[in-house]
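>>> just the structure for this:
(chains A, B, C and D)
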2 protein chains.
Amino acid sequence: MNSGDSTLTDTKERILDAAEHLLAIKGFRGASLRAITGEAGVNLASVNYHFGSKKALLEAVIKRRIQPLNHIRRKRLEQVRESARQKGKKPDVKAALSAFIEPTLLFKESNPDAKKFFIFIGRSLTDPDDTVREVFLRFIKPIFHLLFETACEALPGQPREIIFWRLHFTIGALFHAMHISGNIKTKFLDVKTGIDANSLVNLILPFVTAGMKAK
Amino acid sequence: MNSGDSTLTDTKERILDAAEHLLAIKGFRGASLRAITGEAGVNLASVNYHFGSKKALLEAVIKRRIQPLNHIRRKRLEQVRESARQKGKKPDVKAALSAFIEPTLLFKESNPDAKKFFIFIGRSLTDPDDTVREVFLRFIKPIFHLLFETACEALPGQPREIIFWRLHFTIGALFHAMHISGNIKTKFLDVKTGIDANSLVNLILPFVTAGMKAK
DNA sequence: GATCGATTAAAACAAATGTTTGAATAAATG
DNA sequence: CATTTATTCAAACATTTGTTTTAATCGATC
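Numbering: from 1, shown residues only, chains lettered A, B, ... in the order given. Okay, the predicted model is just below:
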């Protein structure tokens, strides 16, 4: 019986790893269960046995990575708000953006396999498959709202609608950067995509900070 | 015989329209030829008869919209460079960005059907399907290079690599905005997606201009 | 009006998909 | 050890996919 030992979860984790890889490069429809189980070295039927369906596998793949990431993002965003409240000042815009962006980008180096997931996140909101978008949105929504509220506190002069759109521009810039920087191809539109997470943070933060503060 | 009359091209255009619609909302793999021909009201085999293959249909769909769009973007970008050269000054950053962004967004209102294509463009660079990315990249690359050179002239103080990444952030912000603003769902992460093109231009231009100029 | 090429139509094709089945094997339990 | 449960495995299932085929229909030209 399943008692949390590694022999059983081995199969599940091998499936998750292979699925993560293939979902990232092939998408939900393009990653067939035969390809996934083939790469994982397990039987085709084991996906439906362990997860129930392909959609449930997708959810498991996303949840495994997003949940710990969201935990960090939430903690850092609440830190920014709390420390500002203690000082009696409004939160710093750059700090708020950094609280969301830095964990997201550094996440790549937290786990060697997370790199694959980068490509997947970068496509999450525009994925042609309803299921993928729906699952990702469910996870992203609460964090996005927290980021939004923090940004509104940091920029009390700006209308909320403008902040909303500018955060979407930020997300767009970030996710696009994640997609191309996580790409297998070494070049994308002639830019070297092999860039380390810290450098990318230092590139994107000034850009979006200036954008949020604009005018 | 084909002599350019509307009865013949009618079938091809009906296929193109239906394909554009379904490719946008379902993606390349999700849009089946049966669904496309069904919506177009034509026979299944007519796609392979008129276009040769599904991939060739995809190329035709993209080319039909992208080519005229690229023509406008190229003209406007060259205008920015030329008028700056005549004045003996460097190009204006905002003008350069506007030359690329404005036609892209206004394109939505040039054609009532182009709205569907919006979603497709918004996903073009991160599409899970190799074919889609490859075809879009082929069309986007030369314009992106022109935009890059213009931006380098406008920001002579900045290293080219930084400009390169910031333009990618710009593209990411723009395409993400296109995707959600072209979306069928009226709400996306609680923001109203039904926004007219001019308002979106006025929202995104200050953001990316400030981002390009940052520090 | 007959002929010939272009287009449409219905049917069949082979390949690939997610899922289910039922037997075989392994592991755990009494 | 015997038995029960969990897991693996190969095979088959029913759909769906893009493409091809072959015949029917249409349109223009002689």
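>>> could you list the low-pLDDT ranges of chain A?
Across chain A, the ranges flagged by pLDDT under 70 are A:1-9, A:183-193.
>>> what about the helices in it?
Using DSSP state H, the helices of chain A run over A:6-30, A:33-40, A:46-50, A:54-87, A:93-110, A:114-123, A:130-154, A:160-181, A:197-213.
>>> who does the last one touch, helix- and strand-wise?
In this case it means helix A:197-213. With contacts taken as 3 or more CB pairs under 8 Å, 6 or more residues apart in numbering or on different chains; DSSP states H and E, helix A:197-213 sits against helix A:93-110, helix A:160-181, helix B:160-181, helix B:197-213. Using the backbone N, CA and C atoms, a C-beta is placed for each residue, glycine as well.
>>> name the residues of the first one that come out as buried.
Of the residues in helix A:93-110, those buried by neighbour count under the rule 16 or more other CB atoms under 10 Å in any protein chain shown are A:93-108.
>>> repeat for the second one
Neighbour counts over helix A:160-181 (16+ other CB under 10 Å) mark A:162-181 as buried.
>>> residues touching residue A:181, list them.
When contacts are counted by CB atoms under 8 Å, 6 or more residues apart in numbering or on different chains, residue A:181 touches A:108, A:118, A:193, A:194, A:195, A:200.
>>> out of the helices and strands packed on helix A:197-213, the one nearest residue A:14 is which?
Proximity of these to residue A:14 was assessed by CB to CB; the nearest stretch is helix A:93-110, lying at 20.3 Å.
>>> against which helices or strands is the closest one packed?
On a contact count with 3+ CB pairs under 8 Å, 6+ apart, helix A:93-110 meets helix A:54-87, helix A:114-123, helix A:130-154, helix A:160-181, helix A:197-213.
>>> just send these back as a markdown table, with distance to residue A:25 too.
Formatted as a markdown table, the helices and strands packed on helix A:93-110 follow (distance: least, CB to CB, whole Å):
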| stretch | distance to residue A:25 |
| --- | --- |
| helix A:54-87 | 13 |
| helix A:114-123 | 7 |
| helix A:130-154 | 14 |
| helix A:160-181 | 11 |
| helix A:197-213 | 20 |
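>>> looking at those helices, which is closest to residue B:144?
helix A:160-181 (12.2 Å).
>>> re the thing from before, highest neighbour count among the contacts of residue A:181?
Neighbour count (other CB atoms under 10 Å in any protein chain shown) singles out residue A:118 as the most crowded of the contacts of residue A:181, with 24 neighbours.
>>> any idea how far the nearest residue to residue A:215 once chain neighbours are set aside is from residue B:108?
Once its chain neighbours are removed from consideration, residue A:215 has its nearest residue in residue B:206; the separation is 5.3 Å (CB to CB, 6 or more residues apart in numbering or on different chains). Distance check for residue B:206 against residue B:108: by CB to CB, to the nearest Å, it reads 20 Å.
>>> gap between the nearest residue to residue A:127 once chain neighbours are set aside and DNA strand D?
Nearest non-adjacent residue to residue A:127, counting by CB to CB, 6+ apart: residue A:133, 5.2 Å away. Summarising the geometry, the distance separating residue A:133 from DNA strand D, computed by CB to the nearest atom of the strand, to the nearest Å, is 19 Å.
>>> could you tell me how many residues sit around residue A:133?
The number of residues packed near residue A:133 is 19, by other CB under 10 Å.
>>> and residue A:199, by the same measure?
The criterion is other CB under 10 Å. On that basis, residue A:199 has 12 neighbouring residues.
>>> now do the same contact list for it.
Going by CB under 8 Å, 6+ apart, residue A:199 touches no other residue.
>>> again, but for the one 4 residues further on
For residue A:203, the contacting residues are A:177, A:195, B:162, B:165, B:166, by CB under 8 Å, 6+ apart.
>>> I'd assumed residue A:177 was in contact with the fourth one.
I take that to be residue B:165. Yes. The pair formed by residue B:165 and residue A:177 meets the contact definition of CB atoms under 8 Å, at 7.4 Å.
>>> intersection of neighbour lists for these two?
Taking CB under 8 Å, 6+ apart as the criterion, residue B:165 and residue A:177 both touch A:203, A:204.
>>> mind checking the helices of chain A for the one nearest to residue B:30?
Counting by CB to CB, and looking across all of the helices of chain A, nearest comes helix A:6-30 at 6.1 Å.
>>> list of residues touching that closest one?
Residues from elsewhere that reach helix A:6-30 (CB under 8 Å, 6+ apart): A:2, A:31, A:35-37, A:39-42, A:46-47, A:50-51, A:54, A:57-58, A:60-61, A:64-65, A:113, A:116-120, A:123, A:127-129, A:131-132, A:182, A:184, B:27, B:29-30, B:127-129.
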